[in-house]
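Engineer: This is a predicted model, with the sequence first.
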Amino acid sequence: MPELPEVEVTRRRLERELVGKRFTQVVLRASKLRFPIPVELTTILPGRIVRSIERRGKYLLFDCECGWLLVHLGMTGFLQLLRGKPLPGKHDHLDFVFGDGHLLRFHDPRKFGIVTWFTGEPRQHPLLAGIGPEPLSGAFDGEYLFDSVRGRKVAIKQLIMNSAVVAGVGNIYANESLFRARIRPGRPAGTLALNECSELAAAIRYVLEKSIGEGSTYRVAEEAVAYYPQSFMVYGRGGEPCRLCQNPLDEIRLGGRSTVFCRRCQE
């Protein structure tokens, strides 16, 4: 599943290529993904210019002069930036055609993505209004996290994956951040001290920024997109030696998600 770094890398690439470009056509090949795709996009967008491309959590927000195009990649979606009009494949559900010959194609085998339209302030859209602070912003720090964990019995990994607490920290980066902060994923959130919350907030920022940097070679135009080019410390390495102490890493299910940690390095 594309997580925050992959969405941010996608945003930066599309921002470089599409801002200032004018839509000439929208081609719908599916009536719905997770939700119905607004058919009016085919008449609203042609002639409009992409003024900016922003991100909120895992959502991409395209400022299209008269409103906002909101896109979520779901579990298996990605956006391909193509030239010309290549024949679509089975799972190519939506094309945005631009006047300079570029085509932005939404590919989503499982159809869990979202494409919708909003004319108000985009962060007030029902899908976005309840999202917590961005983990790379100044609003997310140790004091904020400490206030958020007080009295909470839920596992700390599940809490930082709650988008109402912090935006966009998915399973991969929750595993990696907790390892860097030396905190066990299943530990009750309310047991963390302020200094531990500060360590964890800093770890989340570091891991996400590092991943965005390492993903800078990600190319939206590729036929097969590799979202995770970096080498992980724990994610996907259950049973393998810890990179710090060589102790075998444990792998459990927590909140229905694969969770990998080191019993020796994480407390």
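Structural biologist: Yep, it's here.

Engineer: Okay, and Val9 sits in which element?
Structural biologist: Using DSSP states H and E, Val9 maps to helix 4-18.

Engineer: same thing with Trp117?
Structural biologist: Assigned by DSSP H and E, Trp117 belongs to strand 114-118.

Engineer: and that strand, what does it pack onto?
Structural biologist: Under the contact criterion of 3 or more C-beta pairs under 8 Å, 6 or more residues apart in numbering; DSSP states H and E, strand 114-118 touches helix 41-44, strand 68-72. Glycine gets a C-beta too; all of them are placed from N, C-alpha and C.

Engineer: Highest mean neighbour count out of these?
Structural biologist: strand 68-72 (a mean of 22; mean count of other C-beta atoms under 10 Å).

Engineer: Give me the helices and strands touching that one, please.
Structural biologist: The helices and strands touching strand 68-72, judged by 3+ C-beta pairs under 8 Å, 6+ apart, are strand 59-63, strand 114-118.

Engineer: Mean neighbour count, distance to Leu94 and mean pLDDT for these - can I get that in CSV?
Structural biologist: What follows is the helices and strands packed on strand 68-72, written out as CSV (neighbours: other C-beta atoms under 10 Å; distance: least, C-beta to C-beta, whole Å; pLDDT from 0 to 100):
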stretch, mean neighbour count, distance to Leu94, mean pLDDT
strand 59-63, 21, 13, 98
strand 114-118, 20, 6, 97
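
Engineer: Which among these is found nearest to Ile204?
Structural biologist: Checking these against Ile204 by C-beta to C-beta gives strand 59-63 as the closest, at 18.8 Å.

Engineer: now the angle between strand 68-72 and that closest one, please.
Structural biologist: Comparing the axes of strand 59-63 and strand 68-72 via axes from the mean of the first three to the mean of the last three C-alpha atoms, to 10 degrees yields an angle of 160 degrees.

Engineer: Which strands or helices does strand 59-63 pack on?
Structural biologist: helix 4-18, strand 52-56, strand 68-72.

Engineer: so what's Cys242 up against?
Structural biologist: Cys242 makes contact with 234, 248-249, 262, 264-265, according to C-beta atoms under 8 Å, 6 or more residues apart in numbering.

Engineer: 7 Å - rerun?
Structural biologist: 249, 262, 264-265 (C-beta atoms under 7 Å, 6 or more residues apart in numbering).

Engineer: ok, of the residues you listed, which one's closest to Ile44?
Structural biologist: Proximity of the contacts of Cys242 to Ile44 was ranked by C-beta to C-beta; the top entry is Leu249 with 50.1 Å.

Engineer: Could you double-check that the closest one sits in contact with Tyr235?
Structural biologist: No: assessed by C-beta atoms under 7 Å, Leu249 is found out of contact with Tyr235, at 9.9 Å.

Engineer: Could you name every residue contacting both of those two?
Structural biologist: With C-beta under 7 Å, 6+ apart, Leu249 and Tyr235 have common neighbours Val260.

Engineer: Have a look at these two and say which one is more surrounded.
Structural biologist: When neighbours are counted by other C-beta atoms under 10 Å, Leu249 and Tyr235 differ, and Leu249 comes out ahead with 24 against 19.

Engineer: Asn247: neighbour count?
Structural biologist: Other residues near Asn247 come to 12 when the count uses other C-beta under 10 Å.
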